[in-house]
Each structure stands twice: as C-alpha cells, then as structure tokens.
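S.K.: here are the coordinates; sequence isn't available:
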C-alpha cells in the first residue's frame with residue numbers, strides 16, 4: 001500500500017503541532033519540554049590521494065590532507081509531553097549531507113501515543129530502523145566505535161523515513177521481546193543524486209536475554225528510484241528503437257540499468273554482548289535490488305574490553321558484491337557504440353564496492369558526557385570500494401585511515 005502525504009502530515013507540520021500542544025501543557029507542568037543534544041568533532045586523514053574516504057553518500061572526503069567534514073556533526077532534540085499518553089519529538093541534525101552541505105535538517109519529527117505499557121504508535125519522521133544501532137548511529141558518545149562500520153552501514157542510502165510505526169514489547173520468561181512494524185517512504189541525496197524509497201514496509205524483532213546478550217532480526221521491502229541525469233541518458237540511449245532494431249540486447253541492458261521504481265530489500269541479523277568489562281557486536285546484512293544497484297552482503301564483528309575509563313576495541317568487516325545485476329555485452333565496432341559501452345562501464349564500476357576492513361580503536365571516557373576516540377583502519381578495496389574516485393573504476397589499493405574524534409552529549 002502506498003503511504004503518501006495524503007495520509008501523513010509533513011515533518012514540519014508535526015513539529016509545529018507538537019510544540020504548540022506542549023506549550024499549552026507547559027502551564028500545567030514545568031516538565032512539558034525536555035531538551036538534549038549531541039555532537040562530534042572529528043578529524044580524518046588518509047594515506048592515499050587516489051580515492052577520498054567519505055561516509056556513504058558524502059560527495060567530499062579525506063585524502064592525505066586532514067579534514068573535519070567526514071565525521072563532525074551537531075544534533076539538537078526537543079521532546080514535548082502533553083500527558084501520560086501523548087508526546088512528540090523533534091531532532092535537528094547538522095552534518096555533511098549528500099549535497100556536500102552542512103545545512104541543518106529535520107532528522108526526527110514525530111508524535112507518539114503510548115497506547116498501553118506494552119504498545120506504542122508513532123507518526124511522522126523517524127530514524128530508519130535498518131540496523132542494530134539505527135536510532136543512535138549519529139550519537140557518537142553512545143557507540144564504542146568512532147563511527148559505525150561502513151562495510152555494513154554504507155549499504156543503505158537513507159537514515160530516516162516518513163510514515164508510521166507500531167511497536168510492542170513483552171516479557172517471555174527472563175527475556176524481553178520487542179517487535180516493530182513500520183511503513184512509509186524516504187528520500188536522500190547520495191553524492192548529489194536524489195534517491196527515493198517508496199512503499200517502505202518493514203519489521204524488526206529484538207530479544208534481550210539474561211547475561212547481557214541481545215539478538216536482532218530485521219527486514220524491509222521498498223521501491224527504489226534513483227534520479228540521475230547521466231543514468232537516464234544511458235538508459236534512454238539503450239532503449240532507442242534504432243538500437244533495438246539492431247539487437248534486443250540493448251533494450252534488455254537498458255531495463256537492467258533502469259533505476260526507476262525497482263524492488264529493493266534489506267535484511268539483517270545481529271547480536272550484541274555487554275557484560276562486565278567485555279563487549280561484542282556482530283551484524284550480517286543483505287541488500288538486494290532489481291536495478292543497476294548491486295546486490296551486496298556485509299558483516300562486521302567488534303570485540304572490546306574496558307580498562308577503567310579506557311576501552312580498546314578491534315573490528316573486522318567486509319562488504320561483498322554478490323551480483324552486479326547487469327552485464328555490459330554491448331559490441332563496440334563504431335565510435336558511437338564505444339562511447340555508450342564506456343558509459344555503461346562507468347555506471348557498473350560505481351557499484352563495484354567490494355572491500356575488507358580491519359580497524360583498531362581506543363575510547364577514553366574523559367568525562368561523564370565526553371568521550372575521546374582514536375581509530376586506525378586498513379581498508380582493502382577490490383577495485384574502488386566505497387572510496388570517492390575521480391573516475392569510476394579506478395583501482396584504489398590498500399589504504400590506511402587515521403581518525404580522532406571528541407563525542408559529547410548534553
């Protein structure tokens with residue numbers, strides 16, 4: 001079922017209604033509003049100028065010169081409570097977006113109804129619950145790593161969705177079970193190209209067990225559309241009747257590359273352990289699409305140990321392309337076909353993102369709300385991996401990434 005603006009209020013409207021309602025409740029309660037925030041000041045440097053290191057979707061990244069644009073961010077959050085049942089939350093986040101700007105944007109803007117102690121309904125803009133730490137992936141202080149492993153978290157181009165979710169929590173013996181059903185739509189810019197996910201329908205389930213162990217399963221279905229003038233031009237050329245008359249291969253390849261309203265799914269399982277001084281996190285994910293966007297599998301394993309205020313940790317991860325979803329079988333006997341073949345190669349090369357990463361980091365809890373982190377990564381891409389390169393298909397080679405960051409919450 002399509003969920004559009006005819007059903008849901010815009011996030012801006014929700015924010016205004018939430019704050020207005022809470023302002024009326026302020027007269028009856030001094031605690032109607034609660035304010036919080038988080039921030040990261042991070043610096044990154046790479047050992048190579050061949051490809052720039054950036055988080056997925058960012059058009060600018062780090063090379064051999066130090067930059068603060070990759071990890072630095074600031075988030076502000078207001079929660080307004082009208083009564084015991086109804087509340088609303090607005091979060092504004094500033095970080096480098098898919099256009100390369102630091103424009104403040106609404107990350108969350110939802111109203112919540114706590115229908116019963118076990119059942120809650122939310123409506124508006126919420127964090128996309130695609131990963132184990134989706135709700136606090138941008139809150140560096142809440143995470144052991146300096147940043148979430150990109151071999152897993154770099155597979156999904158959006159971080160929030162506009163729609164609704166229903167969550168139910170219960171206790172089974174000594175286990176706490178939470179189930180979430182959600183639906184809506186989302187959009188974002190990835191290296192300046194708009195990406196839309198429509199007809200989003202997903203489910204999550206988590207089980208918290210005794211002994212510090214938590215298990216998770218999640219799956220989401222959607223329709224993917226990529227707005228790229230370059231891609232549209234290539235697809236249009238391949239579907240040209242003049243080429244179709246030469247061979248059905250051209251139109252077939254155009255259909256494979258088409259990024260309009262194509263099915264896309266994402267599935268993940270995870271486990272986390274936190275008991276005493278030991279901690280561990282694991283996630284395994286699968287991305288599948290019916291478009292030129294490659295099918296991928298990703299995983300990571302993090303193990304850490306606390307020594308007082310210091311927590312050293314080790315992360316191993318991998319992102320693997322399991323299907324390119326298109327094969328460039330264009331013959332190139334003429335300059336015109338040679339140019340078209342080269343264009344298709346560039347599109348497919350941009351999806352050749354396989355890489356392996358080993359990371360070693362240290363977290364220092366310097367103060368009750370301040371953490372200082374240092375992280376070293378050794379990334380081995382198969383071709384270009386997730387690096388930004390001047391020409392798609394460039395071989396990046398093994399690269400060292402050096403990062404430091406200061407995280408805070410307030």
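M.R.: That came through fine. Keep in mind that what you see is a predicted model, and the values were worked out from it rather than measured. Residues are numbered from 1 along each chain as shown.

S.K.: Report the secondary structure state of the residue lying closest to residue 399 once chain neighbours are set aside.
M.R.: Spatially, and ignoring its direct neighbours in sequence, residue 399 is nearest to residue 48 (4.6 Å; C-beta to C-beta, 6 or more residues apart in numbering). Where you see a C-beta, it was placed from the backbone N, CA and C, and this is true even at glycine. Of the three states, residue 48 takes coil under DSSP: H, G, I helix; E, B strand; the rest coil.

S.K.: Same question for residue 60.
M.R.: Under three-state DSSP, residue 60 comes out as coil.

S.K.: What ranges in the stretch 1-150 of the chain fall below the confidence cut-off?
M.R.: Counting by pLDDT under 70, the stretch 1-150 of the chain contains low-confidence ranges at 1-31.

S.K.: can you give me the helices for it?
M.R.: Remark: helices assigned in the stretch 1-150 of the chain by DSSP state H, counting those that start in this stretch are 11-26, 150-153.

S.K.: do the same with the stretch 301-410 of the chain
M.R.: Applying DSSP H, counting those that start in this stretch to the stretch 301-410 of the chain gives helices spanning 335-349.

S.K.: number of nearby residues for residue 74?
M.R.: Neighbour count for residue 74, taken as other C-beta atoms under 10 Å: 17.

S.K.: pretty sure it contacts residue 94?
M.R.: Yes. Using C-beta atoms under 8 Å, residue 74 makes contact with residue 94 at a distance of 4.8 Å.

S.K.: if I look at the residue nearest to residue 399, how far off is residue 334?
M.R.: Distance, residue 48 to residue 334, by C-beta to C-beta, to the nearest Å: 37 Å.

S.K.: Mind checking which of the two has more residues around it?
M.R.: Relative neighbour count places residue 48 above the other of residue 48 and residue 334, with 18 against 9, counting by other C-beta under 10 Å.

S.K.: Now do the contacts for residue 208.
M.R.: Residues counted as contacts of residue 208 (C-beta atoms under 8 Å, 6 or more residues apart in numbering) are 175, 176, 177, 178, 214.

S.K.: Can you say which of these are buried?
M.R.: The neighbour count (16 or more other C-beta atoms under 10 Å) marks 177, 178, 214 as buried among those.

S.K.: Next step: the residues you listed restricted to strands.
M.R.: Among the buried ones among the contacts of residue 208, the ones falling in strands (DSSP state E) are 177, 178, 214.

S.K.: Turn these into CSV, including distance to residue 351.
M.R.: As requested, these are exported to CSV (distance: C-beta to C-beta, whole Å):
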residue, distance to residue 351
177, 37
178, 34
214, 33
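
S.K.: Please work out how many residues are found near residue 117.
M.R.: 8.

S.K.: got it, and residue 112?
M.R.: Residue 112: 21 neighbours (other C-beta under 10 Å).

S.K.: So in terms of bridging, what pairs with it?
M.R.: For residue 112, the beta-bridge partners are residue 87, residue 122 (DSSP bridges).

S.K.: Now do the contacts for it.
M.R.: 86, 87, 88, 89, 120, 121, 122, 123 are the contacts of residue 112 under C-beta under 8 Å, 6+ apart.

S.K.: ditto for residue 144
M.R.: 279, 281, 302, 304, 311, 313, 361, 363.

S.K.: Would you reformat those residues as JSON lines and include neighbour count and distance to residue 184?
M.R.: Listed next are the contacts of residue 144 as JSON lines, based on neighbours: other C-beta atoms under 10 Å; distance: C-beta to C-beta, whole Å:
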{"residue": "279", "neighbour count": "18", "distance to residue 184": "33"}
{"residue": "281", "neighbour count": "24", "distance to residue 184": "27"}
{"residue": "302", "neighbour count": "22", "distance to residue 184": "30"}
{"residue": "304", "neighbour count": "20", "distance to residue 184": "35"}
{"residue": "311", "neighbour count": "19", "distance to residue 184": "36"}
{"residue": "313", "neighbour count": "22", "distance to residue 184": "34"}
{"residue": "361", "neighbour count": "22", "distance to residue 184": "35"}
{"residue": "363", "neighbour count": "25", "distance to residue 184": "34"}
